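In: Next input, structure requested:
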Amino acid sequence: MSQILISVDYEVFGRVQGVCFRMYAEEKARKAGVVGWIRNSSQGTVTGQVQGPEDKVNEMKAWLTSVGSPSSRIERANFSNEREIPKLDFTGFITRY
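Out: Predicted structure coming up:
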């Protein structure tokens, strides 16, 4: 039985730029087994997309909501456009500039 793959967009608010948030997110994504991307937005937030098996994506969502990098302070994370996908659109998890 194949696992259901889902994709979700996210935006993280708080002190999340200049605190190695993206580097830690890449590391967490690799450990969790999800793919996608992350970038700093001009609004001072961090945005991106996560794809993978539902349980792995949920693990990454929890990290984005309440863990983050050691010196970050997350106020909240918004998730949108969550949907099932037939296949992954990415091969890894990268930082976009």
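In: Just the buried positions in the longest strand seen in the chain, please.
Out: Longest strand of the chain, by residue count under DSSP state E: strand 73-85. Using 16 or more other Cβ atoms under 10 Å as the test for burial, strand 73-85 gives Ile74, Ala77. The C-beta positions use only the backbone N, C-alpha and C, and glycine is treated the same way.
In: Tell me which residues are up against it.
Out: Contact with strand 73-85 is made by 4-16, 51, 61, 64-68, as judged by Cβ atoms under 8 Å, 6 or more residues apart in numbering.
In: Apart from its neighbours in sequence, what residue is nearest the residue nearest to the spatial centre of the chain?
Out: Most central in the chain under Cα atoms, centre = their mean is Val50, positioned 5.0 Å from the mean C-alpha point. Spatially, and ignoring its direct neighbours in sequence, Val50 is nearest to Gly36 (4.4 Å; Cβ to Cβ, 6 or more residues apart in numbering).
In: need the contact list for the one you found.
Out: Ser7, Ala29, Gly48, Gln49, Val50, Gln51, Gly52, Phe90, Phe93.
In: For it, what are phi and psi?
Out: Per-residue torsions, Gly36: phi 140, psi -150 (degrees, to the nearest 10).
In: quick one: the helices in this protein?
Out: For the chain, the helices defined by DSSP state H cover 21-32, 54-66.
In: For the ones you listed, give me TSV that also has distance to Pro86, mean neighbour count and mean pLDDT.
Out: Compiled in TSV, the helices of the chain are given as follows (distance: least, Cβ to Cβ, whole Å; neighbours: other Cβ atoms under 10 Å; pLDDT from 0 to 100):
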stretch	distance to Pro86	mean neighbour count	mean pLDDT
helix 21-32	21	18	97
helix 54-66	14	18	97
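In: Redo those as TSV? Include distance to Ile74.
Out: As requested, the helices of the chain are arranged in TSV below (distance: least, Cβ to Cβ, whole Å):
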stretch	distance to Ile74
helix 21-32	9
helix 54-66	7
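In: quick revisit: just the C-alphas of the longest strand of the chain, formatted as PDB.
Out: Taking C-alpha atoms only, strand 73-85 is exported to PDB below (Å, rounded to 0.1, in the frame of the first residue of the first chain):
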ATOM      1  CA  ARG A  73      11.300  32.800  18.400                       C
ATOM      2  CA  ILE A  74       8.300  31.600  16.500                       C
ATOM      3  CA  GLU A  75       5.000  33.500  17.100                       C
ATOM      4  CA  ARG A  76       2.900  31.300  14.800                       C
ATOM      5  CA  ALA A  77       2.900  29.300  11.600                       C
ATOM      6  CA  ASN A  78       0.200  29.500   8.900                       C
ATOM      7  CA  PHE A  79      -0.500  26.600   6.600                       C
ATOM      8  CA  SER A  80      -2.400  26.800   3.400                       C
ATOM      9  CA  ASN A  81      -3.200  25.000   0.200                       C
ATOM     10  CA  GLU A  82      -2.900  21.600   1.800                       C
ATOM     11  CA  ARG A  83      -3.800  18.900  -0.800                       C
ATOM     12  CA  GLU A  84      -3.100  15.400  -1.900                       C
ATOM     13  CA  ILE A  85      -0.600  15.100  -4.700                       C
END
